[in-house]
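quick one, what's the 3D model for this:
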Amino acid sequence: MPFKLRESSDNYYELVVSEPLDREKVPEYDITFTVTDRGSPPLSDNETMTLELLDVNDNVPQFPQSFYIIPVMENNAPGALLSSLTAFDPDLHENQYLVYFIIEKEIANTSMSMLFSINPENGNLYALKTFDYEIEKEFLFHIEARDSGSPPLSSNVTVHIIIVDQNDNAPVIVSPWRAQGSVVEEKIPRSTDKGSLVAKVIALDTDSVHNSRITYQFLQVTDATLFSLDQYNGEIRTMRMFSSRDPRHQRLVVVAKDNGEPALSATVTIKLSTVETAVRTYSDMTEVPLEYDIFSDLNLYLVIGLGSVSFLLLITILVTIVIKCQKPNPSKAAPPSRNSVISERNSTIGDNTLVSNDAYWYSLFLAETRKGKLVIRQPVPKGSRYIVSSIPRGTGLTDTSDSAASTLQSLRMGKG
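Down below sits the predicted model:
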């Protein structure tokens, strides 16, 4: 027992608490006091006292679990009860009186209090609107339970609302496209090979993965031995080639059915017409990359020609660079050719001095002689060239014939 007696004065005792008291564990105590004297024989007396503990708000509300997952079937009626979220508070009176409310939160500019409602007294959770799985799939929010003590204590719990899909959407055929209620018309050549793609039916379902699984099958077909239908991808292919006995027009009715319960479906009617001439057939839905013949004959010739010209140009540039980079070795001056003429000034021999070959010397000799001038040719020291001087008559030479003879003799000696 969490009590003991403590003597305060002579024959006076007081009852004191020796351990903490918890009303939620032991709400009251029956305490019996016994008084005994010291006589012989001793005498005694008993007195019983009942001690009732008062409550204080020392316990927070408690939910059975901290996280609730609540499935809600779509197309629910507004005001439908979703679940009951009840907390417990072991305190007494107003300390155990709980109030429930939704902690305000906005999702896509929509407050949770506009979607759900909770009874503040018992914690019953209600839906305020009809939910559509194709629009809203889940909600996450918190609910708080608060007592009425002083000061008030509270706790909260997380609620996850999951919208469950119903098979409420039928498949919609998107290919081949046709107006509502109309028939799709296709043309194919009668020479179509076996296994050729004739058409491809594509349907979409906006329900969940399980309910939107679609299978295809023929509802009506003119000749079951002529066409095949893949039940998973909706491809219609030829099982054999057309024969002369096959009708020109074929009618195919394809049904696309989902996997829901009950199953929903949609149909499309395809009218195939066979033609003798080749027409553009129905192409596969998958994209096929175009193949280009890059190395055709003309392109090949152009590439070869361009490569040859580039190669020759490169060789020419390299040869030019090599020639420019070579430096000639220094050497003695080469003798001039027979056709070259070098003009020099020589004040000791004459005013006009020329170095020339034999032919030019002979022509000059004749021309100057007719003008009454003497022409003298003398060899240049240490060389094979000659100095030719034209001197007016009367400069010391008296006879033109003697000068001419001397000149001719010089010419012969030069030739010799």
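
from here on, just use CA atoms for contacts and neighbour counts.
Fine.

centre of the chain to the longest helix seen in the chain, how far?
Longest helix of the chain, by residue count under DSSP state H: helix 297-325. Its chain's average C-alpha position is 43 Å from that of helix 297-325, according to CA atoms, centre = their mean, to the nearest Å.

check which helices and strands that helix is in contact with.
If contacts are counted by 3 or more CA pairs under 8 Å, 6 or more residues apart in numbering; DSSP states H and E, helix 297-325 sits against no helix or strand.

avg pLDDT for it?
Mean per-residue pLDDT for helix 297-325: 87.

what pairs with the closest residue to Gly195 other than its chain neighbours across the strands?
What sits nearest to Gly195 in space, not counting adjacent residues and going by CA to CA, 6 or more residues apart in numbering, is Thr238, at 4.9 Å. Counting by DSSP bridges, Thr238 is bridged to Phe227.

didn't Thr238 look like it was pressed against Ser196?
Yes - counting by CA atoms under 8 Å, Thr238 does reach Ser196; the two are 5.6 Å apart.

where do the strands sit along the stretch 101-250 of the chain?
Counting by DSSP state E, counting those that start in this stretch, the stretch 101-250 of the chain has these strands, from start to end: 106-107, 110-111, 116-118, 124-127, 138-147, 154-164, 172-175, 184-189, 197-200, 202-204, 215-221, 227-229, 235-238, 249-257.

in CSV: these, plus distance to Gly39 and mean pLDDT.
Output for those, formatted as CSV (distance: least, CA to CA, whole Å; pLDDT from 0 to 100):
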stretch, distance to Gly39, mean pLDDT
strand 106-107, 82, 71
strand 110-111, 82, 82
strand 116-118, 72, 94
strand 124-127, 70, 96
strand 138-147, 58, 93
strand 154-164, 60, 94
strand 172-175, 107, 90
strand 184-189, 122, 90
strand 197-200, 117, 92
strand 202-204, 105, 94
strand 215-221, 106, 94
strand 227-229, 116, 94
strand 235-238, 116, 94
strand 249-257, 105, 94
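
tell me which of these sits nearest to Ser8.
strand 138-147 (41.7 Å; CA to CA).

just checking, what packs against that closest one?
Short answer (3+ CA pairs under 8 Å, 6+ apart): strand 138-147 packs on strand 98-102, strand 154-164.

list the pairing partners of it within its sheet, with orientation.
By DSSP bridges, strand 138-147 pairs with strand 98-102 (antiparallel), strand 154-164 (antiparallel).

which residues touch the first one?
Outside of strand 98-102, the residues within contact range by CA atoms under 8 Å, 6 or more residues apart in numbering are 61, 87, 89, 112-113, 117-123, 141-148.

picking up where we left off before, ranking the strands paired with strand 138-147 by burial, who's on top?
Greatest average neighbour count among the strands paired with strand 138-147 goes to strand 98-102 (a mean of 21), per mean count of other CA atoms under 10 Å.

could you check how far that one is from the centre of its chain?
On the basis of CA atoms, centre = their mean, strand 98-102 sits 48 Å off its chain's mean C-alpha point.

also stretch 115-133?
That offset, for stretch 115-133, works out to 43 Å (CA atoms, centre = their mean).

in it, what counts as buried?
115-118, 120, 123-128, 131-133 (16 or more other CA atoms under 10 Å).

touching stretch 209-219 from outside, list them.
Under CA under 8 Å, 6+ apart, the answer for stretch 209-219 is 166-167, 171, 203-206, 229-234, 252-261.

in PyMOL, select just the buried ones from those residues.
Buried subset of those, written as a PyMOL selection, criterion 16+ other CA under 10 Å:
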select buried, resi 166+167+171+203+204+205+229+234+252+253+254+255+256+257+258+259+260
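
SS state for Pro64?
With DSSP: H, G, I helix; E, B strand; the rest coil as the basis, Pro64 sits in coil.

tally of neighbours for it?
By other CA atoms under 10 Å, the residues close to Pro64 number 11.

ok so, going back, so for Ile69, which of the strands paired with strand 138-147 sits nearest?
strand 154-164 (4.8 Å).

ok, and what's touching that closest one?
60-63, 65-74, 131-133, 136-147.

just the buried subset of those, please.
60-63, 68, 72-74, 131-133, 141-147.

quick one: contacts for the nearest residue to Ser265 once chain neighbours are set aside?
Of all residues beyond its chain neighbours, the one nearest Ser265 is Lys257 (4.2 Å), with distances taken as CA to CA, 6+ apart. Shown in contact with Lys257 (CA under 8 Å, 6+ apart): Pro171, Ile214, Thr215, Tyr216, Ala263, Leu264, Ser265, Ala266.

quick one: closest of the strands paired with strand 138-147 to Pro78.
That would be strand 154-164 among these, by CA to CA, at 14.1 Å.

what about that closest one, distance to the chain center?
Relative to the chain's own centre, strand 154-164 is displaced by 37 Å; criterion: CA atoms, centre = their mean.

likewise stretch 248-265?
Averaged C-alpha coordinates place stretch 248-265 at 37 Å from its chain's average position (CA atoms, centre = their mean).

tell me how far the ends of that stretch are from each other?
Stretch 248-265 has an end-to-end distance of 29 Å (CA to CA, to the nearest Å).

all helices for the protein, in order.
For the chain, the helices defined by DSSP H occupy 297-325, 358-370, 400-415.

give me the beta-bridge partners of the residue nearest to Ser265?
Thr215, Ser265.

what does Leu125 give?
With DSSP bridges as the rule, Leu125 is bridged to Ser83, Ile118.

that one contacts Gly79, correct?
No - at 9.3 Å, Leu125 and Gly79 do not qualify as touching, with contact defined as CA under 8 Å.

hmm, back to that, now render the strands paired with strand 138-147 as JSON lines, adding distance to Ile317.
Formatted as JSON lines, those follow (distance: least, CA to CA, whole Å):
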{"stretch": "strand 98-102", "distance to Ile317": "88"}
{"stretch": "strand 154-164", "distance to Ile317": "80"}
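
quick one, which of the ones you listed is nearest to Ser9?
Nearest to Ser9 among the strands paired with strand 138-147 is strand 154-164 (47.1 Å), distances taken as CA to CA.

show me the beta-bridge partners of Lys187.
According to DSSP bridges, beta-bridge pairing links Lys187 with Ser273.

start the count at 124 instead of 1 going forward.
Renumbered: residue one is now 124, and that last one reads Lys310.

quick check: it touching Thr397?
Yes - if you go by CA under 8 Å, Lys310 and Thr397 touch, sitting 5.8 Å apart.

name the residue in the two with the higher neighbour count.
Of the pair Lys310 and Thr397, Thr397 is the one with more neighbours under other CA under 10 Å, namely 20 against 17.
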